[in-house]
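>>> Provided below are the primary sequence and the corresponding predicted coordinates.
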Amino acid sequence: MTKSAEHFSEFQIALRGFTRNRLAVSCAYALLTLYAGALFAGFFAPYSFQNEDRSYSYSPPTPVKIFDNGGLVVPYVTGTQLTFNEYNARIYVGDPEQKYPVRFFVPGDEYRLLGIFPCRYHLFGVAAPGRIYLLGADARGRDVFSRLLYGAQVSLSIGLIGVLISFAIGLLVGGISGYYGGRIDNFLMRLCEMVMMVPGFYLLLALRAAVPDNFNSLQVYFAIIIILSFIGWAGLARIIRGMCLSLREREYVLAAKGLGLSDVKIIVRHILPHTLSYSIFAVMLSIPGYILGESGLSLIGLGIQDPYASWGNMLSDAMSIVRIKFAPWILWPAFCIFLTVVCFNVIGDALRDCLDPMLKSEGENT
Amino acid sequence: MWRYAFKRLLVAIPMLLGIALLTFVLMRVSPGNYLDTVRMDPQFSKETIARYEQLYQLDKPLFYQYVQWVRNLLHLELGYSFYYNVPVDKIIGERIWNTFVLALAAFLVTWCVAIPLGIWAALNRNRFVDRVIQFFSYIALSLPSFFLGMILLFWASQTGTLPLGGMHGPDYESLGWLGRRTDLLKHLAIPTVALSIGSIAALQRIMRGNMLEVLEQKYILTARAKGLSERRVVYHHALRNAINPLITLLGYEFSSLLSGAALIEIICSWPGLGSLMLTAVRSKDVYLVMASMMMGGILFIIGNLLADIALARADPRIRYD
Amino acid sequence: MKRKSFSLKTVFPAFFPLFFFCIYFYPVQAAFADKYGGGLVLATTSDPKSFNEITAKETSTSLVTDLIFEGLTTANAFTAKIEPNLAKSWDISEDGLTWTFHLREDVRWNDGKPFTADDVVFTFNDLIYNPAIPSSARDIFTIDDKTFTVEKVDSYTVRFVLPVKFAPFLRGMGQAILPKHKLEKAVAQGRFNFTWGIDTDPGEIVGTGPFNLARYDPGQRLVFERNPYYWKKSVEGDSLPYLEKIIYLIVPSTDVGLLKFMEGTLDGYALRGMDYPMIKPLEKKGNFTVYDLGPDMGSQFLFFNQNPGKNPHSGEYFVAPYKLAWFMNLAFRKAVAHAIDKQKIIEIVNNKLGYPQSSALGPAAGFFYNPDVAEYDYDLDKAGTILKEAGFGDRDGDGVIEGPQGHRVEFSLYTNAGSTDRVDIAAIIRQDLERLGMKVNFRALEFNTLVSQLTSSFQWEAVILGLTGGIEPHFGKNVWMSSGQLHMWYPMQEKPATDWEKRVDEIFTQGVQELDENKRKVLYDEYQRIVAEELPVIYTVLSARLYAVRDKFGNLKPANYGGVFHNPEELYIKEEPR
């Protein structure tokens, strides 16, 4: 009973402090928008991630027109013609004769809403053979905007799931290590060091090389998550161990011991809930590492494979000066990664600022 | 203290062997070996390929290969590179040095820039200077470093100020002694900046945080009450205590720089261990990969050891059994 | 009491001397004395694997060895005809089996020693035919397990006795000759396989070619300097080469290579189709010219697994029998051939700078190229009709067609992950096949894995791959003969599985022994027709060979066969224009 009251009040204090920080709150909203977009990607995206049209290779963003002959009309897009100039550069010319109005709640490519319900309706779209490329098209004429949304599903979820696994392992290892101290602590911390000893990228490479090649995309996806967690848990474990080391000297823990509560119960009921609240900021701050790790892997072709979209592999297509020069819109995934990472960093910092005074007021530092 | 150092070294050896075994197992688990690229050349026949396999003992069982490698290790022989057809130590030596120089340069730049920035930000908490620094820190932390590398290269190509990757210019030999050093520094510029920006941002935040924390301590209040100049209070008393916790990070800093250097090396064509290792992993050059990982491990252990010693000397509150 | 604390101020400055120590006492080899200028700077994407021409043959090594070594003959860069090189003339016996080469007498190795028949005999008898040395050259110079007899007649005459007539013999004599005086000890001690690796002192690599290796900085560059003893003279009688040095910078990233060319560091660069719009407009301002040398040599194709065998360990078929039935069905393959949108592939992948391919030897092969073969235009309706007539159709309305036996037509398509071009080609083909109603599961595999499946485990269904190629059809025998290891759709057959494969075997056996070029052409033309008709592989597209080269070089003669830099010994720096 005492535990729950303490637990909630810490949280509430933290939350209150957090909501006062306007920057952090707007970042939180931005993240929620991104996650909502990812969750309902099929609906918001006019096309499936693999819907390609070869005549629109590297098409620039389609201008949505709202004027026609001087009057305001329903937004529409025009058909386009592709020509190559004398230097073999692509020129897309709009054809004002062909008009395609933008409609809402249109039927289009099939997808599964929330991964379960088959659905055919999209938020907006144009009738074939018109194409609407809000943010331009890639080499095969696939819509960048749609792929950004589908890519968000992959990149954002890798961050979340990966960090949750790392956190679980870190809690276990750090909790045991910090609570028991002595030999166990020594051994477990040496283990952590061994994992942290190899420079992360090399370990990432070697682990990824060990994944069998007959894995399908879903299995590769999970393999990448597990690999990233394998590298990340050690850092979290150390932080948690530090917290446990100080927490175990608290009065209520000693009291619980005195009352004869088993070690496991003490760890689970008294120590871990505190570490949870305190370490939430560490979790937030390490999520960017997973997102950047995935994009690094995809850059060298070891991440999520075509045709599935992830911000990382979309970015790897864009790592070419020539392409950027002629089709700068393929850089959108970089901006999305950047935005997400910034938001997580800001939120993590804000949480830490709120929780820090509490950490300090209870005595030792980590 | 020396006994402590020795003990840590003893612990390090089984750790290194464990890493070597892990690498060996990982490399073996995935199918294919480097001879596969040879197989696709229409000019080679089966017999030739079998001869190559015999030469490199690839038809012997796994365990035998690993035991052979450990035996070589005890003779300080790092094994043979299938891909380059030379002993590993011939290739790896110069590459390690190149990566080391890059990591060291990034390390120095990080600390020289981050510490003063952190102090400055802390002293001007929440004022314009602080906000600007924090803003740029967020940006620096969030950009993938390889992306930043590309942008810098592009900018350099447009302005023609710095060379585009590599380590020496084409006319390196004809330069004088000073010319060569300058040439090296010019080539070092872009990879170092790309590599260190993220670390600068992270370290600066920690420094700022520590500084702010220390400045609120009671002994600072005492110092001020005693009438000491603000300058002495900040730079003599506060700074020392604020920096101490950062020393524990020395080792991890270096390791993370070593790791981050790999992608940067590839983008900027810096001839280091990272790019060598990537080629080795892709071509399944087992011994080269293992040696590279061990080198990484050794460098990290040394860094960590130095950091621990520094910390033990610096902070008498920490005791090791 | 003042605590004597350890401060960062004391530790930190120590790093600076350490850093500068590293930089200033960086291990530097002896300075290279010649001045810069009169040089050619190019780029390569990876380090050479070795400098040993016999044991290593990949492009990163041949870059080096092509400059340092030469053979008895050479191929004309424009006509591809064989011309004398180290051998000034040769006689052929009546039966075509004995070849006597008369060597030039003015050739010296780059260390000054004279080049003699001993070196030629040594190269063949002690290196190429040495059972302890793994070399691919042996495969070329062995027919039906019989080797050539190579003997010295006198200091400048060598005799080769062939077991049977061998048409590519002269072309094969472009094989590099290695120096006996430098290598005989290594061979005697059994160390040859480890000699002349990349750790060798450059001065040890002795050849007769126009340049020698002056310096190798791993991961950075290769520096070649002119060979003062080089035998070739220009038409005017000048001693060649003119250039003092050739430098290859090692630039792993193609984009950075492009930037380096644009800023002036590189003198030449191989362009990809997509680089063309960016580079071409800069020609005048940048004082360079872009050369288009026509289609690439080699080939790129899609093929299906037609191997009816079983895995000896598990007892399972490599390919499920009902799938095998589709792949072995010529109508199925023809339909797929009609589903390849070559024009769009060229547009998207090569930025319109590419060529459709239909025959086994591309236009770049010159004399033996047969343009008169069956072509398959991109026509999905026609493909659909062919499939229907063959018994394929969507009978249950699920959008996927079924085969004659009722199974859904679903198979996996692989290509190597390292090549974005191939991945893009695969994606385009896949989409068209799905329009036909097939379900294609695409996966990009790592190159090693792919090769292992093709050559050892045989468990694959459809693959897109490419091969390098050349002018001489016989050098592709491992691919086309049914017993060949690279006969990829059904390798190492004990006897030919089909009539047409039997015929191709006959063609290759006859063609190699036929010395009359025109009769050979008839044979190889037939083989190309057969391949296009039977479609064991379905050809896709070839890239254009594009080079951007600075205008400052005289005697630059871009040639269809040789490329732009086939004559480094003749190049010189022109006076600055204007």
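Perfect, I can see it now. As the structure is a prediction and not an experimental result, all values here were calculated from the model.

>>> where along the stretch 101-250 of chain C do the strands fall?
Ranges of strands within the stretch 101-250 of chain C are C:142-143, C:146-147, C:149-154, C:157-161, C:211-217, C:221-226, C:245-250, based on DSSP state E, counting those that start in this stretch.

>>> what about residue C:143, neighbour count?
Using other CB atoms under 10 Å in any protein chain shown, residue C:143 has 18 neighbouring residues. (Each C-beta comes from the backbone N, C-alpha and C, glycine too.)

>>> number of residues surrounding the nearest residue to it once chain neighbours are set aside?
In this structure, residue C:143 finds its nearest non-sequential neighbour in residue C:164, 5.6 Å apart by CB to CB, 6 or more residues apart in numbering or on different chains. Neighbour count of residue C:164, defined by other CB under 10 Å: 12.

>>> tell me how far residue C:164 lies from residue C:510.
Per CB to CB, to the nearest Å, residue C:164 is found 11 Å from residue C:510.

>>> likewise for residue A:47?
56 Å.

>>> do the same with residue C:246
Applying CB to CB, the value for residue C:246 to residue C:510 is 43 Å.

>>> ok, these two, which is more surrounded?
Set side by side, residue C:246 and residue C:510 show more neighbours around residue C:246, with 23 against 13, by other CB under 10 Å.

>>> contacting residues around the more buried one?
C:39, C:40, C:41, C:42, C:67, C:211, C:223, C:224, C:568 (CB atoms under 8 Å, 6 or more residues apart in numbering or on different chains).

>>> for it, give the beta-bridge partners.
On the basis of DSSP bridges, residue C:246 takes part in beta bridges with residue C:40, residue C:224.

>>> what are the contacting residues of stretch A:150-165?
Contacts of stretch A:150-165 (CB under 8 Å, 6+ apart): A:34-35, A:37-39, A:41, A:45, A:49, A:221, A:224-226, A:228-229, A:232-233, A:283, A:286-288, A:290-291, A:294-295, A:304, A:308-314, A:333, A:336-337, A:340, A:344.

>>> helix, strand, or coil at the residue of the stretch 251-366 of chain A found nearest chain B?
Closest to chain B within the stretch 251-366 of chain A is residue A:341: 3.8 Å, counting by CB to the nearest CB. Following DSSP: H, G, I helix; E, B strand; the rest coil, the label given to residue A:341 is helix.

>>> related to what we said a few turns ago, now the phi/psi pair for the residue nearest to residue C:143, please.
phi -140, psi 170 (degrees, to the nearest 10).

>>> where are the low-confidence patches of the stretch 201-350 of chain C?
With pLDDT under 70 as the threshold, the stretch 201-350 of chain C has low-confidence stretches at C:313-314.

>>> ugh, typo on my part, it should be the stretch 201-321 of chain B
Across the stretch 201-321 of chain B, the ranges flagged by pLDDT under 70 are B:248, B:251, B:282-287, B:300-301, B:303-308, B:310-321.

>>> remind me, longest strand of the chain?
All of this refers to chain A. strand A:71-84 (DSSP state E).

>>> actually it's chain C I care about, not the one you picked
Ranked by residue count and defined by DSSP E, the top strand of chain C is strand C:541-550.

>>> mean confidence for that one?
For strand C:541-550, the mean per-residue pLDDT is 93.

>>> just checking, next helix/strand downstream of that strand?
strand C:553-554 (DSSP states H and E).

>>> and the gap between the residue nearest the centre of chain C and chain B?
With distances taken as CA atoms, centre = their mean, the residue of chain C nearest its centroid is residue C:468 (4.3 Å). Using CB to the nearest CB, to the nearest Å, residue C:468 is found at 7 Å from chain B.

>>> do I have it right that residue A:284 meets residue A:346?
No. If you go by CB atoms under 8 Å, residue A:284 and residue A:346 don't touch, sitting 9.2 Å apart.

>>> so these two - more neighbours on which side?
Legend: neighbour count by other CB under 10 Å for residue A:284 and residue A:346, higher for residue A:346 (23 against 20).

>>> so who does residue A:138 touch?
Residue A:138 sits in contact with A:57, A:58, A:144, A:147, A:314, A:317, A:327, A:330, where contact means CB under 8 Å, 6+ apart.

>>> okay, the closest residue to residue C:342 other than its chain neighbours: pLDDT?
The shortest distance from residue C:342 to any non-neighbouring residue, by CB to CB, 6+ apart, is to residue C:356 (4.0 Å). On pLDDT, residue C:356 comes in at 94.
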